[in-house]
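In: this one's structure only:
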């Protein structure tokens with residue numbers, strides 16, 4: 001039982017709770033706390049109730065379809081459910097899409113966060129002192145706000161912001177708003193900045209599910225540029241455990257970096273993924289590869305034009321959350337990747353359902369060059 005549970009279960013408002021990280025957090029919160037969970041999600045292309053199928057029958061879960069930018073709708077949720085904690089996952093997150101269409105990222109990530117803050121500020125102001133002390137607004141952000149690292153160094157909580165994509169800039173602006181509302185209005189906020197997540201229920205536009213599904217179907221595995229861009233990979237369940245710790249025990253006004261300590265180049269990711277697939281579904285047993293005369297999944301790899309402004313390296317220093325809250329990831333990259341690949345193999349119906357009429361795994365994010373080759 002957490003310290004918050006000792007005061008009563010309360011309610012956690014989870015915005016974006018039908019998305020990738022949000023749905024995994026909902027699952028964890030139902031398992032680890034006694035709180036009522038109120039999920040608010042607009043159900044855009046990357047959000048689906050299919051990601052909450054195993055949770056919807058839980059009487060503690062309540063779902064509201066709404067846009068976080070709709071102040072009246074969010075105010076109604078606050079009035080009805082009186083959440084004492086809010087975790088904001090709601091965001092447009094795909095860098096490639098932000099290159100092609102940045103407006104949606106500004107509207108959801110920046111303006112939407114502003115609207116959430118305004119509703120939370122008003123609700124917080126009107127509550128009794130005991131409720132005010134319990135309330136927390138946790139904003140989930142990304143390491144991309146820090147920009148690009150050279151071959152050495154790590155992103156710390158005090159690393160200056162230098163976002164290089166419209167997505168990163170919209171998240172950076174939201175982070176600054178959240179911080180400002182704590183300093184100006186006394187709203188008890190927290191911020192987490194995470195490295196690249198992977199795991200179950202990730203929409204197939206992202207690297208690992210995209211490559212997994214393409215490989216299964218014998219489609220090309222497009223690798224941007226020289227494949228040497230580095231990311232720090234974090235299994236989604238480990239990330240969610242960190243978020244729950246910050247929500248329950250984090251210091252108001254602080255930010256916490258959450259990283260897996262698993263730096264890999266994109267080419268290494270694809271190579272490891274091909275190896276994991278070979279163990280679970282050998283290439284010589286996959287009709288999609290046999291029909292093309294390919295002996296291995298690696299034969300599907302090909303290098304394509306790089307993403308405009310592609311940051312070279314991200315890496316997180318997670319010492320603060322380890323030291324203050326005792327968090328550490330439970331999954332190393334190899335075991336996490338094996339679990340992830342197995343999940344996508346076993347859940348093709350989910351993959352088909354969330355992509356239906358929404359996404360054909362086409363190449364995105366080359367608005368400046370006009371190229372549309374790729375997956």
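Out: Thanks, I have it. Quantities reported herein were computed from a predicted structural model and do not represent experimental measurements.
In: after the strand or helix carrying residue 269 comes which helix or strand?
Out: Applying DSSP states H and E as the criterion places residue 269 in helix 266-280. Where DSSP H and E defines the elements, the next helix or strand beyond helix 266-280 is helix 287-290.
In: ok, and what's touching that next one?
Out: With contact meaning C-beta atoms under 8 Å, 6 or more residues apart in numbering, helix 287-290 is reached by 216, 217, 218, 283, 284, 295, 296, 297, 299, 300. Backbone N, C-alpha and C define where each C-beta goes, glycine included.
In: Could you export the residues you listed as JSON lines, including pLDDT and distance to residue 263?
Out: Converted to JSON lines, the contacts of helix 287-290 look like this (pLDDT from 0 to 100; distance: C-beta to C-beta, whole Å):
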{"residue": "216", "pLDDT": "96", "distance to residue 263": "27"}
{"residue": "217", "pLDDT": "95", "distance to residue 263": "29"}
{"residue": "218", "pLDDT": "96", "distance to residue 263": "30"}
{"residue": "283", "pLDDT": "96", "distance to residue 263": "28"}
{"residue": "284", "pLDDT": "94", "distance to residue 263": "32"}
{"residue": "295", "pLDDT": "93", "distance to residue 263": "30"}
{"residue": "296", "pLDDT": "96", "distance to residue 263": "25"}
{"residue": "297", "pLDDT": "98", "distance to residue 263": "23"}
{"residue": "299", "pLDDT": "97", "distance to residue 263": "26"}
{"residue": "300", "pLDDT": "97", "distance to residue 263": "24"}
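In: just to revisit the earlier point, who touches the helix holding residue 269?
Out: 207-208, 211-212, 215-216, 221, 223-224, 226-229, 231, 233, 264, 283, 296-298, 300-301, 333-334, 337-338, 341-342, 345.
In: how does it look with 6 Å?
Out: Outside of helix 266-280, the residues within contact range by C-beta atoms under 6 Å, 6 or more residues apart in numbering are 211, 215, 221, 223, 227, 229, 297-298, 337-338, 341-342, 345.
In: for stretch 178-187, same thing?
Out: Contacts of stretch 178-187 (C-beta under 6 Å, 6+ apart): 117, 121, 124, 137, 139, 189, 191, 253.
In: Now, the residues you listed that are in helices?
Out: For the contacts of stretch 178-187, the ones inside helices are 117, 121, 124, with DSSP state H as the criterion.
In: Pull out the buried residues from the contacts of stretch 178-187.
Out: Neighbour counting with 16 or more other C-beta atoms under 10 Å marks 117, 121, 124, 137, 139, 189, 191 as buried within the contacts of stretch 178-187.
In: and which of those residues is nearest residue 34?
Out: residue 137 (20.8 Å; C-beta to C-beta).
In: So what pairs up with the closest one in the strands?
Out: residue 86, residue 189 (DSSP bridges).
In: how near is it to residue 44?
Out: Using C-beta to C-beta, to the nearest Å, one gets 22 Å for the distance from residue 137 to residue 44.
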